[in-house]
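Chemist: what shape does this take:
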Amino acid sequence: MDYAKLKGVIPDSIIAQLPALAKFGIDGPKRLSHLLGQCMHESANFKLLEENLNYSADGLLKTFSKYFSAADAAKYARKPEMIANRVYSSRMGNGPEASGDGWKYRGRGAVQLTGKDAYNQLTAAVGVPGVDFVKTPELVNPGYSLISAANFFKSKPNMWATCDKGVDDATITAVTKRVNGGTNGLEERKKYTKQVYALISA
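Modeler: A predicted model of the protein is given here:
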């Protein structure tokens, strides 16, 4: 695959990560096209690589009603660190709200890596001495933002087998459902995936 053909389409910081993707099972243009197409949509073409938790009180009640009463929502509104520590506490390997783990291990990367367990698993998967995402979660962006997404894809059972079926509408839809849980942004995902495939398979 000629990665140089992607210059100007995706950022140089993302292109720099492409050679490292082979260890995650990305061995051809179909798999790479699906990964990049999904990531381009999820991250606004790699511009949004960190979770935005700057919710209003109404936003908290709509998105995280399980964690906030109306009174709590008013106290937490527009306080991203407090919000993260509440909604991500005591799950995904995180400690209680007071531990600060929710904020420390908030969503990062092209497909949001969230929770201490996920950061720990990525550290093991990357296997680079001195690179510890639990100790230094900020390392995810930008240098491992795509690598973390590749690791996410690899963790999904049969994801690569799905990608290998092709770069047609039905396959992109199937991959989207695995990534998104639905078909949000499907048309843009199709556009990006096909754009990348046309470039790197030529």
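Chemist: name the residues that touch stretch 194-202?
Modeler: 1-3, 5-6, 9, 29-30, 32-33, 36-37, 40, 167, 172 (CB atoms under 8 Å, 6 or more residues apart in numbering). To be clear about C-beta, it is placed using only N, CA and C from the backbone, and glycine gets the same treatment.
Chemist: let's see that with 10 Å instead.
Modeler: Identification of contacts with stretch 194-202 by CB atoms under 10 Å, 6 or more residues apart in numbering yields 1-7, 9-10, 18, 28-30, 32-37, 39-40, 166-169, 172.
Chemist: need the helices for this structure, in chain order.
Modeler: 12-15, 29-42, 57-63, 70-76, 80-87, 101-104, 116-126, 145-155, 159-163, 169-180, 186-200 (DSSP state H).
Chemist: just tell me which of those ends up closest to residue 135.
Modeler: Residue 135 lies closest, by CB to CB, to one member of the helices of the chain: helix 116-126, at 8.6 Å.
Chemist: quick one: the most far-flung residue of the chain relative to its centre from residue 77, how far?
Modeler: In the chain, the residue that sits farthest from the middle, by CA atoms, centre = their mean, is residue 71; the gap is 31.8 Å. Distance, residue 71 to residue 77, using CB to CB, to the nearest Å: 11 Å.
Chemist: distance of residue 134 from residue 151?
Modeler: Note on residue 134: its distance to residue 151, by CB to CB, is 15 Å.
Chemist: ditto for residue 1
Modeler: In terms of CB to CB, residue 1 sits 19 Å off from residue 151.
Chemist: more crowded one of the two?
Modeler: Using other CB atoms under 10 Å, the more surrounded residue of residue 1 and residue 151 is residue 151, with 23 against 15.
Chemist: was I right about the more buried one contacting residue 120?
Modeler: No. If you go by CB atoms under 10 Å, residue 151 and residue 120 don't touch, sitting 11.9 Å apart.
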